[in-house]
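# no sequence on this one, just coordinates:
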DNA sequence: GTCTATATATTCGATATCCTCGAATAAATG
DNA sequence: CATTTATTCGAGGATATCGAATATATAGAC
């Protein structure tokens, strides 16, 4: 099994963490788009969420129907311990590599 | 053409920046492994470097033979302006998503 | 000088994983 | 049963990965 997080897996895991108990397909996609400007289809988001689930990096629970106006039940995602670890490693790697290379270059 | 940087592309670009004029296959691989612990074959490194080259994110120059003890000439890599921009965007996205989610979680 | 062994470095070909989308499906309410 | 909300599916492209093959340089034997 792959030990590394893909690019989008990283962003999706971060979104799941940010959203806490309100993380599901729609909100995850919105969070990423709002914070990064990155656009993607729902299919993309869900395939990533499901992959993270299969890897055991998130856990899911099925939501109750809301009283809003129909619509299928939500599938909520929560980050798992393994997900936290994988994310921490991944971010640490980037930080270690970026350390010392400074602001200037991120502008030009 | 894809607008996003893969996970490894990000690390390789950072290594190329760090190494300045001494960036080539062998040193890039070593830099990443030393700083992150991440192992990979040379084939992996070179395929990524070449992909970045095709995308115009790095530029190459061929080194002169050294007086060390045989061996093929080195192909040096330098980050291009487009590479800096892509990297800056990519890192900014991660930072924007990680912002506010703090220390505690990176431990547990 | 020129062969050949050896060291250094890069390329190649094949496969797995990740990303991506649009269309299809499912499940809830009025 | 029409509409809304949400998720799954199927197919194709991009990235990552490796081991083996290839290229190119020097040193030493002859």
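Sure, I can see it. Note that this is a predicted model, so its numbers are computed, not measured.
# all helices of chain A, in order?
With DSSP state H, the ranges of helices along chain A come out as A:7-19, A:25-36, A:42-54, A:81-98, A:103-107.
# to residue B:14, which of those lies closest?
Between residue B:14 and the helices of chain A, the shortest gap by C-beta to C-beta is with helix A:81-98, which sits at 4.0 Å. To be clear about C-beta, it is placed using only N, CA and C from the backbone, and glycine gets the same treatment.
# got a list of contacts for that closest one?
Helix A:81-98 is contacted by residues A:4-5, A:10, A:13-14, A:16-17, A:52, A:55-58, A:79, B:7, B:10-11, B:14-15, B:18, B:31-32, B:35-38, B:91, B:94, B:98, B:105-108 when judged by C-beta atoms under 8 Å, 6 or more residues apart in numbering or on different chains.
# is stretch A:50-64 positioned near DNA strand C?
Yes - looking at stretch A:50-64 against DNA strand C by C-beta under 7 Å from any atom of the strand, the contacts come from residue A:51.
# quick one: the helices of chain A as TSV, columns for mean neighbour count and mean pLDDT too.
Shown next, in TSV, are the helices of chain A (neighbours: other C-beta atoms under 10 Å in any protein chain shown; pLDDT from 0 to 100):
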stretch	mean neighbour count	mean pLDDT
helix A:7-19	23	98
helix A:25-36	18	98
helix A:42-54	16	98
helix A:81-98	18	96
helix A:103-107	10	42
